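# Build me a structure from this.
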Amino acid sequence: MGSVSCGSSVPSQGPAYYRGGDGALLRLAHICPPRNRPCQYPGGDTDLSRALPKYAFFSVVRITIAYFLSLAFALVYGYVAAYSAKAERFMVALLDILQSIPVLSFLPGVMLAMIALFPDRQLGVELGCIILILTARSGI
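Next comes the predicted model:
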């Protein structure tokens with residue numbers, strides 16, 4: 001299962017967006033070549049029996065990193081708010097405002113920024129995930 005076949009029932013006439021079948025949208029996105037050739041996913045492993053444990057490990061590592069960053073943020077934020085009355089008023093108000101914004105509204109901006117910072121590496125996607133988990137956990 002090294003590659004995925006695309007567009008097995010796609011007719012060759014007409015523009016790609018008028019063709020039926022499972023490969024029309026993939027060809028529009030320039031992911032899949034026409035005429036039943038196998039798809040080449042850059043950097044992706046389509047054999048899930050080998051890739052699934054690796055992806056599960058990456059998920060656990062992302063969550064663990066985000067948890068400890070969230071814990072450090074909470075301790076520092078709480079310490080500063082506890083020992084400065086002026087800062088407490090501002091910080092609590094800021095946290096209340098930011099908690100009312102759903103994390104999904106941050107998703108496009110954070111992911112686009114991280115992918116722009118690291119365009120040729122998986123690191124941008126991983127950092128984007130960690131930042132979004134951190135904002136979801138800590139309420140910022």
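
# Please make it C-alpha for all contacts and neighbour counts, starting now.
Fine.

# All the strands of this protein, in order from the start?
Ranges of strands in the chain, per DSSP state E, are 4-5, 38-39.

# By mean pLDDT, show me the worst of the ones you listed.
For the strands of the chain, mean pLDDT drops lowest on strand 4-5, to a mean of 46.

# which residues of the chain score low on pLDDT?
Applying pLDDT under 70 to the chain flags the ranges 1-47, 138-140.

# Show me the helices in the chain, by range?
Along the chain, the segments classed as helices by DSSP state H run 24-28, 48-83, 85-99, 107-117, 123-138.

# Put together a markdown table for those, with mean neighbour count on each row.
Below are the helices of the chain laid out as a markdown table (neighbours: other CA atoms under 10 Å):
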| stretch | mean neighbour count |
| --- | --- |
| helix 24-28 | 17 |
| helix 48-83 | 14 |
| helix 85-99 | 13 |
| helix 107-117 | 15 |
| helix 123-138 | 19 |
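
# Verify the stated contact: residue 133 with residue 66.
Yes. Counting by CA atoms under 8 Å, residue 133 touches residue 66, with 6.0 Å between them.
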